[in-house]
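I'd like to go over a predicted model; first the sequence, then the structure.
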Number of protein chains: 2
Amino acid sequence: MVDDDKFTVLKNPSLQEAKTIIEKSFLNKTTLVVAGNCKVIYDGRASSKLDFGERLIIVKRDRAILVHRSKGYEPVNWQPSGCILHVKIIKNSIQISAIRHNPREMLKVIFNKIFMLSTLLLDDSADFTLFASEKDMHQAILIKPSLVEKGLKPISYEKKVTPGFIDVYGVDKNGKLVIIEVKRKNAGKEAVLQLANYIKAIETKANRDIRGIIVAPNISKGVQRLLMSLNLEFIALDPRLCAKVLKKTENAKLETYFYKKN
Amino acid sequence: MVDDDKFTVLKNPSLQEAKTIIEKSFLNKTTLVVAGNCKVIYDGRASSKLDFGERLIIVKRDRAILVHRSKGYEPVNWQPSGCILHVKIIKNSIQISAIRHNPREMLKVIFNKIFMLSTLLLDDSADFTLFASEKDMHQAILIKPSLVEKGLKPISYEKKVTPGFIDVYGVDKNGKLVIIEVKRKNAGKEAVLQLANYIKAIETKANRDIRGIIVAPNISKGVQRLLMSLNLEFIALDPRLCAKVLKKTENAKLETYFYKKN
DNA sequence: ACATACATCTCGCGA
DNA sequence: TCGCGAGGTGTATGT
């Protein structure tokens, strides 16, 4: 039931048929979709076992392999891109193995029945663009520091300190040093501890008082208390608002550009 | 080309055909696999755009939806299980939308061509078992404390303290209190800060000296220094070894069982 | 190669 | 429902 180079679909193939198609798919780097009854063995950083059951297996062009059960976002077993793939027939079953080095890991999917086997040559060169990331928040704060506080003057961005990086670093309207830790999600305990740590690292070096501010869409009550006990501050900021600020700035730039041209 | 209740495959269906099959799949909670040319819009915690290209879309029984490109482990767009699904025809395209509340999010996949459409009723009730998790490490330490240190006597497991949980908590051979933070991966800065925080919380309450130990397969040099400066300790322990210890214990139990019977 | 931090992280467990 | 932490997390970005 081979259609053309673009995609093929087989229903209830024999093991031999399946093996041929799968090998060809590995060679031609097409996307492979297999539905069938299989068991799965994984051994590597951890190890796992999954007895026979009906699942959906996807092997991509870059040799990423996913074993999906009928529920949930996550694959039950997988191997990231770049692994080495093999297929072979053992007794009355067909076995796909994916091996990777660094870390040394092994995934085996053993089918005793394949219902559906499809190979797809997916043509997809579109750009994926994502808005409202933490990076967008950093950018927006640099462009419009009043999002955090009136009179704030950013000095540097992603400054390296002894253990890690400071998100934003600047001076407030009174000339006091300010360290800002940005989070795109509700700030948790670890964000506060991180900030406290940075403050300490800088304070010992600069030998002067420093303000520490957590910037995030929200903060839980317990963490708020911890924050206050460490003498730190919290400012609410929505990543989506930041994305809007960036968008506006881009438009403004575009306008400037056209203005110059005309 | 409908086969039976168990699975169906359609090649190059018309939009109307596709809509009917997809609706039926949503109703019957079968796993849906669609390959076709589509664009994708996401708006929620963040937002994203992906112009037309050929992709693989999976909708599971629990309404988790995944949009996969031809490369990589991760879906380019998705919605976790539990969202509300709709399908409708708009002009010459078919649109699948997945909406979720809390957080309020929306995913739209708009096809102008479907190559392959498959519905699968996956029967899968097997248990998935994973070995060498962090929990296995906790268990192994409780069973065989010498994995950490000779003479260690665990008192409690996952004891709640003001900020979070302590992994393991015990007394060393000299009667000194010991708090253990277990990590299945190489210990990082955050693990050390976490432990330091716990120690402080307990020390202020118990008003006595406490040893803090990070147990992990490895620790980086910089973190090692931080550890020493905070007067904490590190013990190397491999999660895979812990899994073996547990396995052995299980076997021993089994032997005891048979011994009793005979 | 190693270390660090983000992610529309997801998922499960408790309060 | 929220908060917290694990995960075979993966992935990008430095050094």
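That came in fine, so what should we check first? The structure displayed is predicted, hence computed values, not measured ones.

which one is A:Asp62 nearest to, not counting chain neighbours?
Ranked by C-beta to C-beta, 6 or more residues apart in numbering or on different chains and with sequence neighbours excluded, the top spatial neighbour of A:Asp62 is A:Ser81, at 3.9 Å. C-beta here means a position set from N, CA and C on the backbone, and glycine is covered the same way.

Now do the contacts for the one you found.
Residues in contact with A:Ser81 (C-beta atoms under 8 Å, 6 or more residues apart in numbering or on different chains) are A:Lys60, A:Asp62, A:Arg63, A:Ala64, B:Lys71, B:Gly72, B:Tyr73.

What about the nearest residue to the fifth one once chain neighbours are set aside? Give its phi and psi, please.
Spelled out, it's B:Lys71. Leaving aside its chain neighbours, B:Lys71 sits nearest to A:Asp62 (4.4 Å; criterion: C-beta to C-beta, 6+ apart). Taking degrees, to the nearest 10, you get phi -90, psi 20 for the backbone angles of A:Asp62.

Make a markdown table out of the contacts of A:Ser81 and add distance to B:Ile114.
Shown next, in a markdown table, are the contacts of A:Ser81 (distance: C-beta to C-beta, whole Å):
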| residue | distance to B:Ile114 |
| --- | --- |
| A:Lys60 | 20 |
| A:Asp62 | 24 |
| A:Arg63 | 26 |
| A:Ala64 | 23 |
| B:Lys71 | 21 |
| B:Gly72 | 22 |
| B:Tyr73 | 25 |
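
What is the nearest of the residues you listed to A:Val33?
When these are compared for distance to A:Val33 (C-beta to C-beta), A:Lys60 wins out at 10.1 Å.

who's in contact with that closest one?
By C-beta under 8 Å, 6+ apart, A:Lys60 lies in contact with A:Thr31, A:Leu32, A:Ser81, B:His68, B:Ser70, B:Lys71, B:Gly72.

what's the answer for A:Val34, then?
With contact set as C-beta under 8 Å, 6+ apart, A:Val34 has these partners: A:Ala18, A:Ile22, A:Leu56, A:Ile57, A:Ile58, A:Val59, A:Ile96, A:Phe111, A:Ile114, A:Met116, A:Leu117, A:Ser118.

swap the cut-off to 10 Å and go again
Contacts here follow C-beta atoms under 10 Å, 6 or more residues apart in numbering or on different chains; on that basis A:Val34 touches A:10, A:13, A:18, A:21-22, A:25, A:55-59, A:67, A:94, A:96, A:109, A:111, A:114-119.

looking at this, A:Ile114 is in a strand?
Yes - secondary structure of A:Ile114 (DSSP: H, G, I helix; E, B strand; the rest coil): part of a strand.

neighbours around it, how many?
Other residues near A:Ile114 come to 23 when the count uses other C-beta atoms under 10 Å in any protein chain shown.

Which residue, neighbours along the chain excluded, lies closest to it?
A:Gly36 (3.8 Å).

Quickly run through the sheet partners of the helix or strand harbouring the one you found, with directions.
A:Gly36 is part of strand A:31-43 when elements are defined by DSSP states H and E. With DSSP bridges as the test, strand A:31-43 is paired with strand A:47-59 (antiparallel), strand A:105-120 (antiparallel).

Run the chain-centre distance for that strand.
Offset of strand A:31-43 from its chain centre (C-alpha atoms, centre = their mean, to the nearest Å): 24 Å.

What of stretch A:100-115?
23 Å.

Would you check that A:Ile155 makes contact with A:Val171?
Yes - counting by C-beta atoms under 10 Å, A:Val171 is a contact partner of A:Ile155 at 6.3 Å.

Overlap in contacts, those two.
A:Leu177, A:Val178.

Now A:Lys24: closest residue in space, sequence neighbours ignored.
The shortest distance from A:Lys24 to any non-neighbouring residue, by C-beta to C-beta, 6+ apart, is to A:Thr119 (7.4 Å).

and that neighbour, what does it touch?
A:2-3, A:5-10, A:21-22, A:24-26, A:28, A:30-34, A:59, B:116.

In PyMOL, select just the buried ones from those.
Of the contacts of A:Thr119, the buried ones can be selected in PyMOL as follows, counting by 16 or more other C-beta atoms under 10 Å in any protein chain shown:
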select buried, (chain A and resi 7+8+9+10+21+22+25+26+30+31+32+33+34+59) or (chain B and resi 116)
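
re the thing from before, just the buried ones among the contacts of A:Ser81, please.
In terms of neighbour count (16+ other C-beta under 10 Å), the buried residues within those are A:Lys60, A:Arg63, A:Ala64, B:Lys71.

For the residues you listed, which two are the farthest from each other?
A:Arg63 and B:Lys71 (9.4 Å).

Identify the contacts common to those two.
In contact with both A:Arg63 and B:Lys71: A:Lys29, A:Ser81, using C-beta under 10 Å, 6+ apart.

Please see if the helix or strand harbouring A:Ile213 touches chain B.
Using DSSP H and E, A:Ile213 maps to strand A:210-216. No - judged by C-beta under 10 Å from any C-beta of the partner chain, strand A:210-216 stays clear of chain B, getting no closer than 13.0 Å.

hmm, that strand in reach of DNA strand C?
No - applying C-beta under 7 Å from any atom of the strand, one finds strand A:210-216 separated from DNA strand C by no less than 10.3 Å.

Next to chain B, which bits of the stretch 101-250 of chain A? Give me the list.
By C-beta under 10 Å from any C-beta, the residues of the stretch 101-250 of chain A that approach chain B are A:115-134, A:136, A:162-164, A:184-185, A:189-190, A:192-194, A:196-197, A:217, A:222-223, A:226, A:239-240, A:243.

Buried subset of these as a PyMOL selection?
A single PyMOL command selects the buried members of these (16+ other C-beta under 10 Å):
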select buried, chain A and resi 115+116+117+118+119+120+121+122+124+126+130+131+132+134+136+163+184+189+192+193+194+196+197+217+223+226+239+240+243
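
if you look at the residues of the stretch 101-250 of chain A next to chain B, which of them are in helices?
In helices, defined here by DSSP state H, the members of those are A:134, A:136, A:189-190, A:192-194, A:196-197, A:222-223, A:226, A:239-240, A:243.

with those residues in mind, which one is nearest to B:Ala140?
A:Glu190 (26.4 Å).

separation between the nearest residue in space to that closest one that is not next to it in sequence and B:Val223?
The shortest distance from A:Glu190 to any non-neighbouring residue, by C-beta to C-beta, 6+ apart, is to B:Glu190 (5.9 Å). To B:Val223, B:Glu190 is 9 Å away according to C-beta to C-beta, to the nearest Å.
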